[in-house]
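> predicted structure and sequence below. I'll ask about it afterward.
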Amino acid sequence: MQFKHPEILYFLFLLLLPILVHLFQLRKFKTEYFTNVRFLKKLTIESRKSSKIKKRLLLATRLLLLTGLIIAFAQPFFEAKDHKNATNELYIILDNSFSMQAKGNRGELLKRAVQELLEEIPESTTFSLLTNDQTFWNTNIKSIQSELQNLNYSAIPFKIDTQLAKIKARKSAFKKDIVILSDAIGISQEAAQKTDKEEIVYFIQSEAEQKNNVAIDSVYINQTLDNFYEITVAIRGFGDDFNPLSIALYNQNKLIAKTMVTPDIKKKTVNFTIPRQEFHGYATINDKALTYDNDYFFSISKNKKISILSIGESTKSEFLSRIFTIEEFNYSNSELRTLDYNTIEKQATIVLNEIPEIPQALQTTLQAFVNKGGNLVIIPSENSTTTTTNTFLKNLGNIQFIASENNSKQITKINFDHPLFSGVFESKITNFQYPKAEKSFVIKSAYPSILSYEDQTAFLTAIPKSVGAVFIFSAPLNPKNSNFQQSPLIVPVFYKMGINNKNALLYAATIGDNTPFWVNTTLTKEAVLTVKGKEEQFIPIQQMLDNKVKLTFADLPKKSGNYTIYNKEIGIENISFNYARTESDLNQVNTNWDSSFDTMDSIKSVFNTLQTNRTDYQLWKWFLIFALAFLLAEMAIIRFVK
């Protein structure tokens, strides 16, 4: 047993006072005998004996009464089992990603978790709350009640390691209790590792009852006809045994087309034919599982073709005309001797296709073109002079041709993380048909390879610029030297290089993807472009260059939808944003948690555990009751004992 105020026990010396009073009577009695009362002598002696017993009982009860009171004020207690963590700070991590829209046995997972927090957290408890997109430090449940009740779903995926890192960065002299409320969708085993021994982590997993879900995965232009676009809507099913659902296409909230579809396979496509004109709308399905992925917003701009010029022999450039089709590009080819230098600045991308010697005047013009944000693609010739080429490349970036090689090499590695392949591949390809090159140059580069040979040397690399890029191949691409033109890789590679600093005809960005958007407009010195939607407007990061502006959106906007870019009050371009579909699969639940995570079934269980293990057992009430009992005993002795 321990005492909160042991110094009060010194008052036990006061117990000497009633003892002294009992032992030393201040009043003295003299015995007087009367002849007529002698017969009462025996009765008086017996009364005196009874009086001594009564006084001793009163002394005992008073001593025990005083002892009980003194010990009660000293506040005795038995120490709690987990008393060392009684001063821990409390942190609550609440997953408000879109997968928490799923319904459990008591409604939507997020709404149920919020309700439990409001009901079970004591008003006097100070804690910090972290959601995917908000943080509330050192608050209490009453202060953030309104924010919790109005908490929205976040487009930012739930990353448990990021949240734990935020808490770890919060310096404190106390240990930390961390409560995580999540459905564990998409959490990797590596992320679910507790790194700090000073942290005690409780994990409460919310589980959906129905895990079937259908999402619109993407929308794209399948083909361009004379007066129509064939739009393909790709839907993906997660789970099995799906019911038929309707899929509709809206332009400016006006219904364009509608049909029924049954997702009998994991991925299914539905085609719609729409007029070849501007489009600013969305595709939608009526799936009742998760609602955030039922809509897919997209915009089709006016048919602004991208200008691309290839410089080189026309016979060697025929493959480019098959990639840069007339529906999307203004493609032209010019041989070096007939080149009009004035047309260069009007291009978006220029391809130097196997030119043995690059004239100095062309080098100067192309360098200015790159500095203004143009894309340059360099395909070397077998007869290229490395000295001249290296002089040109040195002015563009840190890259050089070292030597030529005459041995055949296969192109075996794709850098899927390079921005050139953003959105090209759904999954990483490991067993594709490898193209090869007979003769090539060894490239010394400070930049990562985009495509590599089997010996890990670069086949294609790039010099990134703030606007645009310079792409360099290490080998000629003519059919005599390489079969790259017959490879499936050639179309996405050249197509992406062609539109590197331009927008695709159909624009449907993913929130959080930093792919830039280009606006052909001019701004005054202090003017900025503003993006406006129905419920949200914001100013993106922007960079002005000649007659165009590069916009980068970072994590904006917060809500998916159709937006318009405004220059002052004039709408100049339509764009669309969608949530990432990372939360759509409700079956990707991680159940293999770190052994240091304590899994609990509810918030109530967590607080009950903390209270039981960390609350000292107080004894002062019992001693107060004992004191009261002895007080009653004293009163009874005084009244009833003769």
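Okay, I see it. Numbering: from 1, shown residues only.
> which residues touch the closest residue to Thr522 other than its chain neighbours?
Residue nearest to Thr522 in three dimensions, not counting chain neighbours: Asn547, with 5.3 Å by C-beta to C-beta, 6 or more residues apart in numbering. All C-beta spots, glycine's among them, are computed from the backbone N, C-alpha and C. Neighbouring residues of Asn547 by C-beta atoms under 8 Å, 6 or more residues apart in numbering: 520-522.
> who wins on neighbours among those residues?
Thr521 (16 neighbours; other C-beta atoms under 10 Å).
> thought that one was touching Ile572?
Yes. With contact defined as C-beta atoms under 8 Å, Thr521 reaches Ile572; the gap is 5.6 Å.
> hey, what's in contact with both of the two?
By C-beta under 8 Å, 6+ apart, the residues touching both Thr521 and Ile572 are Leu529.
> low-confidence ranges, the stretch 151-300 of the chain, go.
188-198 (pLDDT under 70).
> one more: the stretch 351-500 of the chain?
422-432.
> the helices in it, which residues?
Along the stretch 351-500 of the chain, counting by DSSP state H, counting those that start in this stretch, helices occupy 360-371, 386-396, 490-498.
> SS state for Asp240?
For Asp240, the assignment made with DSSP: H, G, I helix; E, B strand; the rest coil gives coil.
> that one contacts Lys211, correct?
No. Look at Asp240 against Lys211 with C-beta under 8 Å: they stay out of range, at 9.7 Å.
> more neighbours, these two?
Using other C-beta under 10 Å as the criterion, Asp240 and Lys211 rank with Lys211 on top: 17 against 11.
> who's in contact with that one?
By C-beta under 8 Å, 6+ apart, the neighbours of Lys211 are 102, 238-239, 586-587.
> list only those of those flagged as buried.
102, 238-239, 586 (16 or more other C-beta atoms under 10 Å).
> now do the contacts for Ile156.
Ile156 is in contact with 97, 132-133, 512, 555, counting by C-beta under 8 Å, 6+ apart.
> quick check: it vs Ile231, distance?
Using C-beta to C-beta, to the nearest Å, we find Ile156 at a distance of 29 Å from Ile231.
> same check, this time on Val470
34 Å.
> okay, now the closest residue to Lys465 other than its chain neighbours: neighbour count?
Nearest residue to Lys465, sequence neighbours excluded (C-beta to C-beta, 6+ apart): Val370, at 6.5 Å. By other C-beta under 10 Å, the residues close to Val370 number 21.
> repeat that for Thr530.
Neighbours around Thr530, by other C-beta under 10 Å: 17.
> quick check, it in a helix?
No. Checked against three-state DSSP, Thr530 lies outside a helix; its state is strand.
> return the set of residues that bridge with it.
In this structure, Thr530 bridges to Tyr566 when assessed by DSSP bridges.
> can I assume it is in contact with Gln542?
No. Thr530 is beyond contact range of Gln542, at 10.0 Å (criterion: C-beta under 8 Å).
> please tell me how far the residue nearest to the spatial centre of the chain sits from Asp555.
In the chain, the residue lying closest to the centroid (C-alpha atoms, centre = their mean) is Pro157, at 3.5 Å. In this view, Pro157 and Asp555 are 11 Å apart by C-beta to C-beta.
> tell me which element Ile19 falls in.
Element membership for Ile19, per DSSP states H and E: helix 16-23.
> would you mark the buried spots in that helix?
Judged by neighbour count (16+ other C-beta under 10 Å), helix 16-23 contains these buried residues: Pro18.
> cool, stretch 505-516 as well?
In stretch 505-516, counting by 16+ other C-beta under 10 Å, buried: 505-512, 516.
> now pLDDT, distance to Phe623 and secondary structure too, for these, in JSON lines please.
JSON lines is the format used below for the buried residues of stretch 505-516 (pLDDT from 0 to 100; distance: C-beta to C-beta, whole Å; DSSP: H, G, I helix; E, B strand; the rest coil):
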{"residue": "Leu505", "pLDDT": "78", "distance to Phe623": "84", "secondary structure": "coil"}
{"residue": "Leu506", "pLDDT": "85", "distance to Phe623": "80", "secondary structure": "strand"}
{"residue": "Tyr507", "pLDDT": "88", "distance to Phe623": "77", "secondary structure": "strand"}
{"residue": "Ala508", "pLDDT": "92", "distance to Phe623": "73", "secondary structure": "coil"}
{"residue": "Ala509", "pLDDT": "91", "distance to Phe623": "71", "secondary structure": "strand"}
{"residue": "Thr510", "pLDDT": "92", "distance to Phe623": "67", "secondary structure": "strand"}
{"residue": "Ile511", "pLDDT": "91", "distance to Phe623": "63", "secondary structure": "coil"}
{"residue": "Gly512", "pLDDT": "86", "distance to Phe623": "62", "secondary structure": "coil"}
{"residue": "Pro516", "pLDDT": "84", "distance to Phe623": "75", "secondary structure": "coil"}
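> okay if I get the residues you listed as TSV plus distance to Glu405?
Output for the buried residues of stretch 505-516, formatted as TSV (distance: C-beta to C-beta, whole Å):
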residue	distance to Glu405
Leu505	40
Leu506	42
Tyr507	42
Ala508	43
Ala509	42
Thr510	41
Ile511	45
Gly512	42
Pro516	36
